[in-house]
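**Q** okay, predicted coordinates and the sequence, questions at the end:
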Amino acid sequence: MTSNPSDQPLKINSRRTKGFLRRWGLWIGLGVLVFIGLVLLSAPTSKEGSTYERSPTGYFNWYSSAQKQGVSIKRWQKNYAKLAGTGQTLIQIRGDRTDPPNADAKTAIDDWVAKGNTLISLEWAGRLTAAPFSSQLASPVGPVLIETIRRQPTLAKGDQALLRDKAGSAVWSSPESQGQQIKVAYPWLAANAYPANSNNYKFLTRLVQQPGGQIWVDEWMHGYRDPLTPQEKAALPDQDVFDYLSRTPVFPLTIQSFLILLLLVWAGNRRFGQILAVKKPDLANSERYIQSLAGVLNNARHSDFVLQQLGEQLRQQLATKLGVTADRAAGTARLDDQQLAVAWANQSGKSPQEVLNLLGQVDQKRRLSDREVLDWINRAELILKAC
């Protein structure tokens, strides 16, 4: 009884299935690592320069010192669009060497400054000069330590140097319509790394008080937010989890990761075709038998037996090529080595001694090294080719 091929059970290649699962596992793991890395790279703004930060690059000590002196200073933790009024000062401390990424925020601050306010930016401003890295610059409160070679060598018309040396200005002001912008080429001018009674603290406190009015320290740029009032919460539209995600870096990263995953699925979605059956080795073939026998003889170092078999095979092939094979029906005998060598010499034009020397090694029945056996085989091949 024969069976229909369609009725046969489906065979699953377990090795290929495991390879497929392992490959996809690696892709998924790599995708998760990339996603986590992008989330970490999109983390909130650095806390360096924040008045909440107690590390050496924070400004907690200076802020506390200014408050104890009765300076009218507060933290700004609202959207820049809510900046209003005139005669005020906003201090921004940036140690990341970059401008605010939000163009709308920069526009709002510039408009607020132009209406009659002051923006003080502590950042890596100016140019690299030949100034010493550590310099004591003269000021109205005494020498101020500046640890950078950045200076503004030349000032534009209307600008004013507030702290300078021979290399250029380390602190300077620029008029902006009815307001002004003050730039400090060293963001850690009064960081926690300096003592609270240092001239650096005194100079920055004097600098922010000169314009007069309310003083704000920008903490919005460092990620700090004031809690919403009940009126502000009521004005907000109804929100769900998707609205929340749309305002965080997680949402675009999730979309990108999903698209990458779809691309990988599309790239790997190929037909596997017919399952290839594993070919079973034929254990009863001559080649495997010969290899096994050769291995046994080699381990036993019976090169004399191998050479006898090869010599007998050489005699038969020479007789066949020379046409002097024995005819048992006619009662003719096979030629001996001497006659075989003479017949070979007559046809090849070479000395019969070559054949006699080669066959003589067989008759010696001594064990040869592997190199000597290979040399004997090479000489035998040359004799057969000369026929």
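**A** Nice, thanks for sending it over.
**Q** A108: what's it in contact with?
**A** Applying CB atoms under 8 Å, 6 or more residues apart in numbering, we find A108 in contact with 80-81, 83. Yep, even glycine has a C-beta here, placed from its N, CA and C like the rest.
**Q** ok, and what's touching stretch 308-324?
**A** Taking CB under 8 Å, 6+ apart as the rule, stretch 308-324 contacts 325-326, 334-335, 337, 339-340, 343-344, 347, 355, 358-359, 361-363, 365, 376-377, 380, 383-384, 387.
**Q** one more time with 10 Å, if that's ok
**A** Identification of contacts with stretch 308-324 by CB atoms under 10 Å, 6 or more residues apart in numbering yields 297, 302, 325-326, 332, 334-337, 339-341, 343-344, 346-348, 355, 358-363, 365, 373, 376-377, 379-381, 383-387.
**Q** which of these are buried? Put it as a PyMOL command.
**A** Remark: buried members of the contacts of stretch 308-324, expressed as a PyMOL selection using 16 or more other CB atoms under 10 Å:
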select buried, resi 335+337+340+341+343+344+348+355+358+359+361+362+373+376+379+380+383
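**Q** coming back round to it: top of the contacts of A108 by neighbour count?
**A** Using other CB atoms under 10 Å as the neighbour test, these are led by Y80, with 21 neighbours.
**Q** distance-wise, check that residue relative to A103.
**A** Distance, Y80 to A103, by CB to CB, to the nearest Å: 11 Å.
**Q** least confident secondary structure element in this protein?
**A** Among the helices and strands of the chain, helix 14-41 carries the lowest confidence by mean pLDDT, DSSP states H and E, at a mean of 59.
**Q** same question for the helix or strand that that helix is followed by: list its buried residues.
**A** The helix or strand immediately downstream of helix 14-41 is helix 60-68, counting by DSSP states H and E. Buried positions in helix 60-68, judged by neighbour count with 16+ other CB under 10 Å: 61-63, 65-66.
**Q** next: stretch 182-201.
**A** Across stretch 182-201, burial judged by 16+ other CB under 10 Å covers 182-192, 194, 198-201.
**Q** same deal with stretch 118-127?
**A** Residues of stretch 118-127 classed as buried by neighbour count (16+ other CB under 10 Å): 118-126.
**Q** ok, now stretch 154-167?
**A** By 16+ other CB under 10 Å, the buried positions in stretch 154-167 come out as 159, 162-165, 167.
**Q** export the longest strand that the chain contains as PDB, just CAs?
**A** The longest strand of the chain (DSSP state E) is strand 168-176. The C-alpha coordinates for strand 168-176 follow below in PDB (Å, rounded to 0.1, in the frame of the first residue of the first chain):
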ATOM      1  CA  GLY A 168      40.400  90.400  26.200                       C
ATOM      2  CA  SER A 169      37.200  90.600  28.100                       C
ATOM      3  CA  ALA A 170      36.000  87.800  30.400                       C
ATOM      4  CA  VAL A 171      32.800  89.600  31.200                       C
ATOM      5  CA  TRP A 172      31.100  92.100  28.900                       C
ATOM      6  CA  SER A 173      27.700  93.700  28.200                       C
ATOM      7  CA  SER A 174      25.900  94.300  25.000                       C
ATOM      8  CA  PRO A 175      22.900  96.600  24.600                       C
ATOM      9  CA  GLU A 176      19.700  95.000  23.200                       C
END
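**Q** whichever helix or strand comes after it: partners in the sheet, and parallel or antiparallel?
**A** Next helix or strand after strand 168-176 toward the C-terminus (DSSP H and E): strand 179-184. Next to strand 179-184 in the sheet, as set by DSSP bridges, lie strand 118-122 (parallel), strand 168-176 (antiparallel).
**Q** closest one to P132 among the ones you listed?
**A** Ranking the strands paired with strand 179-184 by proximity to P132 (CB to CB) places strand 168-176 first, at 12.0 Å.
**Q** what's the mean pLDDT across that closest one?
**A** Computed over strand 168-176, the mean pLDDT rounds to 96.
**Q** show me what contacts L358?
**A** By CB under 10 Å, 6+ apart, L358 lies in contact with 311, 314, 337, 341, 376, 379-380, 382-383.
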